[in-house]
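**Student:** Predicted model and sequence follow; I will ask about them next.
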Amino acid sequence: MKTNLRLLNAVQYIGLTLITIGIVTFLYGFFVSGYIMMTSIGIGTVMGAIFIFLMGVFFVATEEMQEKTAKGIKLTQ
């Protein structure tokens with residue numbers, strides 16, 4: 001359980017950092033510079049951060065489900 005919590009915290013901090021960088025880049029490109037390439041890089045960074053966060057949550061959920069299920073086939077005579 002500690003490993004899952006550490007992985008979830010790591011994914012959370014990485015996702016939060018990337019989404020902040022993406023929003024700042026998007027706002028800078030859209031309002032300040034008017035440079036369309038900065039706007040698209042900001043949108044891509046936000047989408048990447050969301051993807052990384054969702055994949056991390058999926059991996060943690062999958063790991064927990066594997067720990068809680070019984071493994072193997074039970075044979076009866």
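**Tutor:** That came through, no problem.
**Student:** For the closest residue to residue 26 other than its chain neighbours, list the residues it contacts.
**Tutor:** With CB to CB, 6 or more residues apart in numbering as the criterion, residue 26 has its nearest non-adjacent residue at 2.8 Å, and that residue is residue 42. (Glycine included, C-beta is placed from N, CA and C.) By CB atoms under 8 Å, 6 or more residues apart in numbering, the residues touching residue 42 are 22, 23, 24, 25, 26, 27, 28, 29, 30.
**Student:** does residue 42 count as helix, strand or coil?
**Tutor:** Following DSSP: H, G, I helix; E, B strand; the rest coil, the label given to residue 42 is helix.
**Student:** how far away is it from residue 23?
**Tutor:** Between residue 42 and residue 23 the computed distance is 7 Å (CB to CB, to the nearest Å).
**Student:** for residue 9, same thing?
**Tutor:** Residue 9 is 21 Å from residue 23, by CB to CB.
**Student:** residue contacts, the most centrally placed residue in the chain?
**Tutor:** The structure's the chain has its C-alpha centroid closest to residue 53; by CA atoms, centre = their mean the separation is 1.2 Å. Neighbouring residues of residue 53 by CB under 8 Å, 6+ apart: 11, 12, 14, 15.
**Student:** rerun at 6 Å
**Tutor:** Contact analysis of residue 53 by CB atoms under 6 Å, 6 or more residues apart in numbering lists 11, 15.
**Student:** Quick check: buried residues in whichever strand or helix holds it?
**Tutor:** Under the criterion of DSSP states H and E, residue 53 resides in helix 36-68. By neighbour count on 16 or more other CB atoms under 10 Å, the buried set for helix 36-68 is 38, 39, 41, 42, 43, 45, 46, 49, 53, 56, 60.
**Student:** ok so, going back, where does the residue nearest to the centre of the chain sit relative to residue 12, distance-wise?
**Tutor:** For residue 53, the distance to residue 12 - CB to CB - is 7 Å.
**Student:** which stretches of the protein have low pLDDT?
**Tutor:** Within the chain, the stretches with pLDDT under 70 are 1, 72, 75.
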